[in-house]
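**Student:** Pasted the sequence and its predicted model underneath.
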Amino acid sequence: MKYVILLGDGMSDHPVGALNGKTPLQAAKTPNMDFMAKRGTLGLAQTVPEGYPPGSDVANLAMFGYNPVDCYTGRSPLEAASMGVSLGPDDVAFRLNLVHLEPRGGKLIMEDYSAGHISTADGRELVEELQRHLGSEEFSFHPGVSYRHLMVWHGGKTQIKMTPPHDISGQDITSYMPVGEGSDRLIYLMNAAQLVFHNHPQYKRRAEKGETPANSIWLWGHGKAPAMDKFTTRFGLSGAVISAVDLIKGIGVYAGLDIINVPGATGYLDTNFDGKAQAAVEALKERDFVFVHVEAPDEASHSGKLEDKIKAIELFDEKIVGPVLEGVKQYGAYRILCAPDHPTPVALMTHTGEAVPFVIYAGEEQEKGNVAGYDEVSATATGIKVDPGYKLMEMLLNR
């Protein structure tokens, strides 16, 4: 038996006026997910436990079959694992976003949480400059991908309240600065980084080319290394993870799964969809399970771009779901789970914690006449709800 999870990050949404009250999932052309929904098990899953932030870290731990209540310590430790950064028992990892802040009306606005989706090369250049100027025995800076990087506070504090930058797009940052024990040290770094960036040749170069320059860092998602059972120990299966995002790959590292890096996988609309689907089918030749993550719908939502979100969902269905659905047939018995991790409503441009629609398909050919397709409304109408959401893995494995 082969098992597959196809995850379209942030696909779920709210009804949109511009779509005549439909959600992007309802409006998008998704014949492959609709096919699965009409023949498989359709329902809702509560991937974010009550009281937890509706982040991709919490929600994807649940999608991998791990209870966030037992193992969640923060986002950045997971990303650190993907980047090959080992954390000591007293180390605290922080996500470091390269951002663009804009002074406006006496306020400092979070203009772009991704510094114009800065290239990995430009991002690395800036983070290495931070290490040269601000790195010490206390703080170390590690380059990642695009705008997503890492800082480690050796012997750092954890009782700090911080806000993801994509939650405050277009807002004054004053009320969202770090608060708590040791927060003054972090604010110092954020301010010092502004001076480092302003004096770096890249700032002028990007501005002259009409690109958004990174003019500050934003620290968030902190935590210490988690304790997680290996996937093989937990479920008795070998497996692999395919994603462009360090967070997802980091969960895979802690779970002991193989990480398959696909050339051209970016996390955006220009990602190598075809390569991911092909790699997923190939991965099953020697493994029982594969987890395929596509970030594009979430990124479109964070940017508030409805057309891009619909396009991302349609590309996910056409270039990931369809080819995998066809390719997995060569292995005989299989079960496929398709879902988002959490909703990311375009109107809000951030995550919410409602239950998400899922479908599990196992090659059933009999169509169910009472299901319109794969979307939030159809999933709700089935009356099926998996809560807590990490039990969805057991449902996929039919245990």
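**Tutor:** Nice, I can see it.
**Student:** alpha carbons only for contacts and neighbour counts from here, please
**Tutor:** Will do.
**Student:** Just the pLDDT at the residue nearest to Asp90 when sequence neighbours are not counted, thanks.
**Tutor:** By the measure of Cα to Cα, 6 or more residues apart in numbering, the closest residue to Asp90 outside its immediate chain neighbours is Gly155, 4.8 Å from it. As summarised for this prediction, Gly155 has a pLDDT of 96.
**Student:** same deal with Tyr374?
**Tutor:** Listed pLDDT for Tyr374 reads 98.
**Student:** which residues does it contact?
**Tutor:** The contact partners of Tyr374, by Cα atoms under 8 Å, 6 or more residues apart in numbering, come to Leu25, Gln26, Thr30, Met33, Asp34, Met36, Ala37, Lys38, Leu42, Pro357, Val359.
**Student:** Glu376 now?
**Tutor:** Taking Cα under 8 Å, 6+ apart as the contact definition, Glu376 lies against Ser12, Asp13, Thr23, Leu25, Gln26, Val356, Pro357.
**Student:** and what of Tyr66?
**Tutor:** Taking Cα under 8 Å, 6+ apart as the definition of contact, the neighbours of Tyr66 are Tyr390.
**Student:** Distance-wise, check it relative to Glu365.
**Tutor:** The spacing between Tyr66 and Glu365, counted by Cα to Cα, to the nearest Å, is 31 Å.
**Student:** Narrow the contacts of Tyr374 to those in helices?
**Tutor:** In helices, defined here by DSSP state H, the members of the contacts of Tyr374 are Leu25, Gln26, Met33, Asp34, Met36, Ala37, Lys38.
**Student:** which one of the residues you listed sits closest to Val58?
**Tutor:** Proximity of the ones in helices among the contacts of Tyr374 to Val58, judged by Cα to Cα, is greatest for Leu25, which lies at 22.5 Å.
**Student:** ok, now which ones touch the closest residue to that closest one other than its chain neighbours?
**Tutor:** On the basis of Cα to Cα, 6+ apart, the spatially nearest residue to Leu25 that is not a chain neighbour turns out to be Asp375, at 5.4 Å. Applying Cα under 8 Å, 6+ apart, we find Asp375 in contact with Ser12, Thr23, Leu25, Gln26, Pro357.
**Student:** gap between the closest residue to the fourth one other than its chain neighbours and Ser303?
**Tutor:** Of all residues beyond its chain neighbours, the one nearest Gln26 is Asp375 (5.6 Å), with distances taken as Cα to Cα, 6+ apart. Using Cα to Cα, one gets 22 Å for the distance from Asp375 to Ser303.
**Student:** Ramachandran coordinates for Pro53?
**Tutor:** According to degrees, to the nearest 10, the main-chain angles of Pro53 amount to phi -70, psi 140.
**Student:** What of Ile260?
**Tutor:** Recorded main-chain torsions at Ile260 are phi -110, psi 110, according to degrees, to the nearest 10.
**Student:** That one touches Ile242, doesn't it?
**Tutor:** Yes: contact status for Ile260 versus Ile242: in contact at 5.3 Å, counting by Cα atoms under 8 Å.
**Student:** Pull the number of nearby residues for Lys38.
**Tutor:** Counted with other Cα atoms under 10 Å, residues neighbouring Lys38 total 23.
**Student:** Quick check: it touching Ala379?
**Tutor:** No: at 10.7 Å, Lys38 does not count as touching Ala379 under the criterion of Cα under 8 Å.
**Student:** And for the residue most central in space within the chain, nearest residue in space, chain neighbours not counted?
**Tutor:** For the chain, the residue nearest the mean C-alpha position is Ser56 (4.7 Å; Cα atoms, centre = their mean). Counting by Cα to Cα, 6+ apart, Ser56 lies nearest to Asp341, which is 6.7 Å off, once chain neighbours are set aside.
**Student:** Contact partners for the one you found?
**Tutor:** Residues touching Asp341, when contacts are defined by Cα under 8 Å, 6+ apart, comprise Leu7, Gly8, Asp9, Gly10, Thr47, Ser56, Ala59, Asn60, Met63, Val356.
**Student:** per the record, what domains does the protein have?
**Tutor:** Domain segmentation of the chain under automatic domain parsing yields 2-72+227-396, 91-223.
**Student:** what element comes up after the lengthiest strand in the chain heading to the C-terminus?
**Tutor:** With residue count as the measure and DSSP state E as the assignment, the chain has strand 91-104 as its longest strand. Using DSSP states H and E, the helix or strand that follows strand 91-104 towards the C-terminus is strand 107-112.
**Student:** as a whole number, average confidence for that next one?
**Tutor:** The predicted model gives strand 107-112 an average pLDDT of 96.
**Student:** Please point out which parts of that strand sit buried.
**Tutor:** Across strand 107-112, burial judged by 16 or more other Cα atoms under 10 Å covers Ile109, Met110, Glu111, Asp112.
**Student:** what helices or strands is it leaning on?
**Tutor:** Strand 107-112 makes packing contacts with strand 91-104 when contacts are defined by 3 or more Cα pairs under 8 Å, 6 or more residues apart in numbering; DSSP states H and E.
**Student:** Pull out the buried positions in the strand it packs on.
**Tutor:** By neighbour count, and taking 16+ other Cα under 10 Å as the criterion, the buried residues in strand 91-104 are Asp91, Val92, Ala93, Phe94, Arg95, Leu96, Asn97, Leu98, Val99, His100, Leu101.
**Student:** Would you mind giving the contacts of Asp375 as a markdown table with distance to Glu307 and neighbour count added?
**Tutor:** Supplementary listing: the contacts of Asp375 in a markdown table, determined by distance: Cα to Cα, whole Å; neighbours: other Cα atoms under 10 Å:
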| residue | distance to Glu307 | neighbour count |
| --- | --- | --- |
| Ser12 | 15 | 30 |
| Thr23 | 12 | 23 |
| Leu25 | 12 | 22 |
| Gln26 | 13 | 21 |
| Pro357 | 21 | 27 |
